[in-house]
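Engineer: please work out how this folds:
(one chain, ligands or ions: 1)
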Amino acid sequence: MDKSLVVVTETLNGELTPASLECVEEGREIADRLGVRVRAILCGSGVAPLAQTLAAHGADAVTAVEHEALAQFSADGWLQALTPVLRDLQPALLLAPDSGQMRAWLPRLSARWHLPLVGCCIRVNIIGDGYPEVIRNTYGGACQERLIWPYATLVCALLIPGVRGVGAPRRDRAAELTAVRPELDPARFRDRTLRTLPADPRTVDLSEAERIVSGGFGVGGPNGMALLGQLAEQLKAALGGTRVAADRGWLETQRFIGSTGKIVAPKLYLAFGVSGAGQHLAGITDSECVIAVNSDRTAPMLQRADLAVVGDLHAILPILLDKLRALADTGPADPAALEPPAAAQPATAALEPVSAPLLETSP
Ligand SMILES: Cc1cc2nc3c(=O)[nH]c(=O)nc-3n(C[C@H](O)[C@H](O)[C@H](O)COP(=O)(O)OP(=O)(O)OC[C@H]3O[C@@H](n4cnc5c(N)ncnc54)[C@H](O)[C@@H]3O)c2cc1C
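Structural biologist: The predicted structure follows:
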C-alpha cells in the first residue's frame with residue numbers, strides 16, 4: 001500500500017465537521033510537499049457518501065469504516081474499529097481535529113502505540129524529507145511551542161478547529177473509496193453516546209459558535225459586559241471579547257478571541273468597543289459578517305467590519321435590546337420592529353464600495 005498521510009475525520013448530524021475539512025486541507029498541503037497521498041478515514045454508519053466532500057477538499061483516498069454500532073460515537077467503539085485499520089495503513093503522519101471525540105479515544109491509541117499525540121496545534125509540517133514539526137499553543141495560548149521529532153517519527157497532531165478555515169471545494173476531484181466493516185463487539189463498549197443535544201450558545205466553545213457578541217475595553221466594565229450578555233442571549237449568540245476584557249476579569253479567560261485566544265469563524269460577529277488590534281483580528285479572519293460598534297471612526301475594527309456603526313455603545317445597546325425584545329414579543333412577522341431609529345439611518349455618503357457601510361448615531 002502507498003505511504004499516506006492519514007486524516008481521521010468526524011461528523012455531526014450527518015455532516016462532516018468544518019474542523020475535519022480543515023485537517024484534510026492541512027494534510028493536502030503537507031502531502032503535496034512529501035509526495036504522498038492523503039487518506040481520510042470516515043467512521044460511523046452510512047457515512048460513505050461523505051467521501052465525495054472529502055475528495056473535494058483534498059483527499060486522494062477515503063476509507064469508510066462502517067458498522068451500525070458506530071452510528072453514535074463511542075470511544076471504545078472507535079478504538080476497536082480504527083486500531084486495525086490504522087495499523088494496516090502505516091501512516092506517515094496522523095491528523096485529526098482537536099475535538100472532544102478525538103480527545104476521548106486517540107490518547108488511548110497513543111498510549112498503546114507509544115505514539116506522540118500533540119493537542120492545540122496551529123500548524124503541522126514535515127521539514128526536509130521527513131522530520132515532523134508542529135507549532136502549538138501552550139499555557140492557554142500565552143505561548144507558542146515548536147516541536148520537532150526525529151526523522152520519520154509517526155506523530156498524531158490535533159488541529160485547533162477554526163485555525164485555518166475551510167477553503168472552497170473542488171468538485172472535479174475524486175477519491176478512491178475503500179469500505180471496511182470492522183469486527184466489533186458492542187457489548188464491550190463501556191461508553192455510548194445516547195443522543196447529541198444542540199449546543200447552548202451561552203456555553204458553546206467559541207470556535208464552534210455560529211454567532212458571537214464580542215466586547216472590548218470600550219464596554220467599560222462588568223456591567224457593560226453583562227449588558228452584552230443580554231444581547232447575546234437575545235440573539236442566541238455566544239459571548240466573547242478581547243484579551244484586555246478577559247485580563248480585567250470581565251470575561252472568562254477561555255472566551256477571549258485572537259491569535260493567543262480562540263480562533264473563531266462565526267456567520268455573524270458583533271464587536272462592541274473593540275479597537276481591532278492585529279492580535280484580535282487574527283482570530284476572526286474567517287467570520288462571515290462582521291458588525292462593529294465603536295465611538296472612534298478610525299478604529300481598525302471598523303475597517304474590518306461589513307457594517308460599521310460609529311457611536312457610543314452605551315447609547316446603542318439599550319435601543320438594540322429594546323428592539324430585539326419587541327421583535328421577540330411580536331414575532332418576526334412585524335417588519336416595523338426591524339426599522340432602525342430615524343437618527344440611525346445609514347449615512348449614504350459613506351456607502352462607498354471600498355469601505356463598510358457606516359452608521360453614525362448620536363446619543
Ligand atoms: C503578545 C500579545 C498577544 C495578544 N493577543 C491578543 C489576543 O489574542 N486577543 C486580543 O483581543 N488581544 C490580544 N492582545 C492585546 C491587543 O494587542 C490589544 O491590546 C487588545 O486586543 C485591545 O483590546 P480592546 O479592543 O478591548 O481595547 P482597546 O484597544 O483599548 O479598545 C477599546 C475600543 O473601545 C472603543 N470605545 C471606548 N468607549 C466606547 C464607547 N462608549 N462606545 C463605543 N466604543 C468605545 C475605543 O474607541 C477603542 O477602539 C495581545 C497583545 C500582545 C502583546
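Engineer: distance check, the closest residue to Ile135 other than its chain neighbours against the ligand.
Structural biologist: Nearest non-adjacent residue to Ile135, counting by CB to CB, 6 or more residues apart in numbering: Arg123, 4.3 Å away. Every C-beta, even on glycine, is put in place using the N, C-alpha and C of the backbone. Distance of Arg123 to the ligand, computed by CB to the nearest ligand atom, to the nearest Å: 16 Å.
Engineer: cool, and Asp247?
Structural biologist: Here the criterion is CB to the nearest ligand atom. By it, Asp247 lies 8 Å from the ligand.
Engineer: and that residue, how many neighbours does it have?
Structural biologist: 12 (other CB atoms under 10 Å).
Engineer: contacts only, for it.
Structural biologist: Going by CB atoms under 8 Å, 6 or more residues apart in numbering, Asp247 touches no other residue.
Engineer: same thing but 10 Å
Structural biologist: 217, 253, 256 (CB atoms under 10 Å, 6 or more residues apart in numbering).
Engineer: what's the answer for Cys120, then?
Structural biologist: By CB under 10 Å, 6+ apart, the residues touching Cys120 are 98, 134-138, 140-141, 144-145, 157-160, 163.
Engineer: most neighbours of all these, which one?
Structural biologist: Per-residue neighbour counts (other CB under 10 Å) across these peak at Leu159, which has 30 neighbours.
Engineer: which one of the contacts of Cys120 is nearest the ligand?
Structural biologist: Taking CB to the nearest ligand atom as the measure, the ligand lies nearest Gly141 of the contacts of Cys120, at 6.8 Å.
Engineer: what about Arg112, which helix or strand?
Structural biologist: Arg112 belongs to helix 100-113 when assigned by DSSP states H and E.
Engineer: quick check: the farthest pair among the contacts of Cys120?
Structural biologist: Greatest spatial distance in those: Gly140 and Ala157, 19.1 Å, computed using CB to CB.
Engineer: got any ranges where this protein has weak pLDDT?
Structural biologist: 1-2, 140-141, 331-363 (pLDDT under 70).
Engineer: hey, which strand is longest across it?
Structural biologist: As assigned by DSSP state E, the longest strand anywhere in the chain is strand 117-127.
Engineer: got the angle for that one vs helix 100-113?
Structural biologist: Strand 117-127 runs at 80 degrees relative to helix 100-113, counting by axes from the mean of the first three to the mean of the last three CA atoms, to 10 degrees.
Engineer: which element follows strand 117-127 toward the C-terminus?
Structural biologist: Downstream of strand 117-127, the first helix or strand assigned by DSSP H and E is strand 131-138.
Engineer: closest point of the stretch 251-363 of the chain to the ligand, which residue?
Structural biologist: For the stretch 251-363 of the chain, CB to the nearest ligand atom, closest residue to the ligand: Gly258, 2.2 Å.
Engineer: how many neighbouring residues does that residue have?
Structural biologist: Quick note: Gly258 (other CB under 10 Å) scores 22 neighbours.
Engineer: which ones are touching it?
Structural biologist: Counted by CB under 10 Å, 6+ apart, Gly258 has contacts 141, 240-243, 246, 264, 277-284.
Engineer: one more time with 8 Å
Structural biologist: The contact partners of Gly258, taken as CB under 8 Å, 6+ apart, are 242-243, 277, 279-283.
Engineer: over to Ile30?
Structural biologist: 5, 93, 124-126.
Engineer: I'd like those residues as a markdown table, with neighbour count appended.
Structural biologist: Listed next are these as a markdown table, based on neighbours: other CB atoms under 10 Å:
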| residue | neighbour count |
| --- | --- |
| Leu5 | 26 |
| Leu93 | 26 |
| Val124 | 23 |
| Asn125 | 17 |
| Ile126 | 19 |
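Engineer: looking at those residues, which one is closest to the ligand?
Structural biologist: Val124 (20.9 Å).
Engineer: pretty sure that closest one contacts Glu26?
Structural biologist: Yes. Contact criterion CB atoms under 8 Å: Val124 and Glu26 qualify, at 5.9 Å.
Engineer: need the overlap of contacts for those two.
Structural biologist: 95, 159.
Engineer: and stretch 5-15, C-alpha only, in PDB?
Structural biologist: Provided in PDB are the C-alpha atoms of stretch 5-15 (Å, rounded to 0.1, in the frame of the first residue of the first chain):
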ATOM      1  CA  LEU A   5      -0.800  10.900   5.400                       C
ATOM      2  CA  VAL A   6      -4.000   9.900   7.300                       C
ATOM      3  CA  VAL A   7      -6.700  12.300   8.500                       C
ATOM      4  CA  VAL A   8      -9.300  10.900  10.900                       C
ATOM      5  CA  THR A   9     -12.500  12.900  10.300                       C
ATOM      6  CA  GLU A  10     -15.700  13.200  12.300                       C
ATOM      7  CA  THR A  11     -19.300  14.000  11.600                       C
ATOM      8  CA  LEU A  12     -22.000  15.900  13.400                       C
ATOM      9  CA  ASN A  13     -25.700  15.500  12.500                       C
ATOM     10  CA  GLY A  14     -24.700  13.500   9.400                       C
ATOM     11  CA  GLU A  15     -22.300  16.200   8.100                       C
END
